[in-house]
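Q: My questions are about this predicted structure, shown below with the sequence.
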Amino acid sequence: MQALTGRACLALSLAWKPTRQVRGSVVYPAETIKGLTDNLRQARRDNPKHKNPPVAVSREMVAQPFGFFSLLQTWASQDRDDYTLQPLLDEAHHLSTGRSKGGAWYLTPNGNHTSALIAAAAASSGLKTLVFVQSTVLAEASVRDFPNLLDAPKVKLNEDELELHRLAAEEMGGAAYCYLTPKANGTFRIGAASHHALLLREERLLHESLFKRKDGIDVLFRNVDPGARNEPSQ
C-alpha cells in the first residue's frame, strides 16, 4: 500500500480494538449434560412406542446455565486468566428435546426460552437487553410470554409515543390490531417489545423509543432473519 500510494502506512493489528467488548457463550456443566443425555436415551429404550418423551421425562431435563466470558477479540488464548465463568441464573431451567429421523431423542438448548429468562434476570438488575430471535413469530411469542418471567413496572407512553400509537392504530383500523396495545390511560406492563419487518414505521419508532427511555422497557426482541428488512430507524 505504501509503494502504491507513496504515503507512509502502518500495519493494522486486528487483535486491537479501541474499546473492550465482552464476548460470551451460554454453557452448561458437561457432567450435567451427559447425565441428562444418558437418562434421555434410557427413557427412549423404555418407551419405544412413544414418539416424543413422556412429560415426566421432559420435566427432568433441567440444567443451570453459565456464562463463559472473555474480553479478548478471539478465543485463541488458552490462558485461564483471560476467561471467567459466571452463573447466569440462580436456578436450573428446563431444556428441550428433539427427535431425529431415526427416532432417537436428543437434548436441545430451548434457546428462546433461555434467552428470555436471561433477559428477565438482566432487566431485574436494571440492564437493557436486546435479544435476537430467528423469526417474527418467535419475537412476538417471546413478548407475550415475557410478563410470566418478570413483574415489570408500569410504563406510560409520552406525548410523542401516544401520537405514534395513534397513527399506527389509524393505519391498522384500530388499536386492537397493533402489536403493542396500551390501556386507555396510555400505560402497559409488558416489560418488553418486538422489532421486526412486519411493524409499521410508527410502531417501530414507538418500540425503539420505549427501549431507549431510561424509564421505559428493558427488553427488545428483534428478528434477525436475513431476508427481513428490520433495521433500526435512523
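A: It's in. Because the structure is a prediction, the values reported are computed rather than measured.
Q: what sits up against the lowest-mean-pLDDT helix or strand in the chain?
A: Among the helical and strand segments of the chain, the one scoring lowest on mean pLDDT, DSSP states H and E is helix 2-5, with a mean of 90. Helix 2-5 has contacts (C-beta atoms under 8 Å, 6 or more residues apart in numbering) with 8-9. C-beta: built from backbone N, CA, C; applies to glycine.
Q: and the next element down the chain from it?
A: Beyond helix 2-5 on the C-terminal side, the first helix or strand identified by DSSP states H and E is strand 23-27.
Q: Give the other helices and strands that that following strand contacts.
A: Applying 3 or more C-beta pairs under 8 Å, 6 or more residues apart in numbering; DSSP states H and E, one finds that strand 23-27 contacts strand 66-70.
Q: Direction included, what does the helix or strand just after the strand it packs on pair up with?
A: Following strand 66-70 in sequence order, the next helix or strand is strand 83-87 (DSSP H and E). Strand 83-87 has the following strand partners under DSSP bridges: strand 66-70 (antiparallel).
Q: which parts of the partner strand are buried?
A: 66-67, 70 (16 or more other C-beta atoms under 10 Å).
Q: Give me the neighbour count for residue 129.
A: 20 (other C-beta atoms under 10 Å).
Q: Identify the bridge partners of it.
A: Under the criterion used (DSSP bridges), residue 129 bridges to residue 219.
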